[in-house]
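> fold the following and give me the result.
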Amino acid sequence: MSDFITRFAPSPTGYLHLGHAYSAYCAFNAAQTHTGFETGTCLLRIEDTDLTRCRPEYEQGIYNDLEWLGFQWPMPVRRQSRHLDFYREGLKKLEQKGLIYRCFKTRREVAEQSAFAPHLDDPVPVFIGEALPPSLERQALEDGKMFSWRLSMQACQHYLGDEWDRLFFIESSNGSNETIRANPEKFGDVIVARKDTGTSYHMAVVMDDYTQNINHIIRGQDLFEVTHIHVLLQKLFGFPTPVYHHHPLLLDENGKRFAKRDKAKTLKSMRDAGVSLKQVHMMMKDY
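Next up is the predicted model:
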């Protein structure tokens, strides 16, 4: 059998909390178990493309917290901010295929022209746009207007043809696999890159997973829906689709997801307060 390769990929926009600890446990323990595979590896990846919110102290905090939890990972650690040119190359491939367009609309304009998708558990505004006529686009670029690159669902459907109806991914849970039809169109024309960074979460994650030979993706249930977008990007790039497992989320005493802004629940604050690793294990078990 092939190797089992997964990853834990936090963003250094704040200190890790109990929810992150649980997600790390799921990924690292799955790699350690690697049932049915010769070897298992869990990589650590730092997803730091948000150049305004990511900070060095938060990145160092990630290393400190994971070491405290007892995890080890291969070196070097991939940091997305060091590979922006790589993502721009991927973006250029999508542009050459006519699958993306520059969107110069402001957030307010996008909101006003979006419809909500009630079929999602957490409805999001769905925007369908189109490229400006060449003359207007040139003028907008000359004027220095900000823009984002959007993936045209209509163009993607035309490009893939019959393959559009064969977009699937495997969701693995409790020892069984479920084949799920991917429906990326329900998100509308999603942003795949911004002018300043040349990438987005969707683009960087898909390209990194392929580059790092990730064949199993273990992450929280809150990221289940974006899998539909990632499967489409994998198909457009010609990448294989990994097996997915979206684990349940830990909730606080009020039934809400843990958030980085809740400083009292960060692993750093608990460690500084003298909370033991055994107590952290018990807390995760209680939740």
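
> which regions of the stretch 101-250 of the chain sit below the pLDDT cut-off?
By pLDDT under 70, the weakly predicted segments of the stretch 101-250 of the chain are 116-125.

> mind listing the helices for the stretch 51-200 of the chain?
Using DSSP state H, counting those that start in this stretch, the helices of the stretch 51-200 of the chain run over residues 56-69, 84-96, 107-112, 134-142, 153-160.

> so which of those helices comes closest to Q32?
When the helices of the stretch 51-200 of the chain are compared by C-beta to C-beta, helix 56-69 sits nearest Q32, at 13.1 Å. Where you see a C-beta, it was placed from the backbone N, CA and C, and this is true even at glycine.

> relative to N213, which of the helices of the stretch 51-200 of the chain is closest?
Smallest distance to N213 across the helices of the stretch 51-200 of the chain (C-beta to C-beta): 15.4 Å, for helix 84-96.

> got the phi/psi numbers for L51?
phi -70, psi -10 (degrees, to the nearest 10).

> check what pLDDT it gets.
According to the predicted model, the pLDDT of L51 comes to 86.

> burial measure for it, as a count.
Applying other C-beta atoms under 10 Å, we find 10 residues neighbouring L51.

> that one and S81 touch, don't they?
Yes. Using C-beta atoms under 8 Å, L51 is in contact with S81, at 7.0 Å.

> got the helices of the stretch 51-200 of the chain as a markdown table, with distance to K256 and mean neighbour count columns?
Converted to a markdown table, those look like this (distance: least, C-beta to C-beta, whole Å; neighbours: other C-beta atoms under 10 Å):
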| stretch | distance to K256 | mean neighbour count |
| --- | --- | --- |
| helix 56-69 | 21 | 16 |
| helix 84-96 | 33 | 15 |
| helix 107-112 | 25 | 12 |
| helix 134-142 | 41 | 11 |
| helix 153-160 | 32 | 17 |
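
> what pLDDT does H34 get?
86.

> next, it: phi, psi?
phi 40, psi 50.

> next one: C54
phi -80, psi 140.

> show the contacting residues for it.
S11, P12, T13, D48, S81 (C-beta atoms under 8 Å, 6 or more residues apart in numbering).

> which pLDDT value belongs to the nearest residue to it once chain neighbours are set aside?
Leaving aside its sequence neighbours, C54 sits nearest to D48 (C-beta to C-beta, 6 or more residues apart in numbering; 4.2 Å). Looking at D48, its pLDDT reads 96.

> you'd agree D48 is in a helix?
No. D48 is assigned coil when assessed by DSSP: H, G, I helix; E, B strand; the rest coil, not a helix.

> I'd assumed S11 was in contact with it.
Yes. Using C-beta under 8 Å, D48 is in contact with S11, at 6.5 Å.

> list the buried residues in stretch 177-186.
Buried residues in stretch 177-186, counting neighbours by 16 or more other C-beta atoms under 10 Å, are found at I180, A182, P184, E185.

> what would those look like in JSON lines with distance to S173?
Formatted as JSON lines, the buried residues of stretch 177-186 follow (distance: C-beta to C-beta, whole Å):
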{"residue": "I180", "distance to S173": "11"}
{"residue": "A182", "distance to S173": "17"}
{"residue": "P184", "distance to S173": "22"}
{"residue": "E185", "distance to S173": "25"}
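
> so which of the residues you listed sit within strands?
Assigned to strands by DSSP state E, the following of the buried residues of stretch 177-186 qualify: I180.

> for the contacts of C54, work out which two are farthest apart.
T13 and S81 (12.5 Å).

> ok, the residue of the chain most remote from its centre - contacts?
Here the centre of the chain is the reference, and by C-alpha atoms, centre = their mean the most remote residue is S135, at 35.1 Å. Taking C-beta under 8 Å, 6+ apart, we find S135 in contact with no residue.
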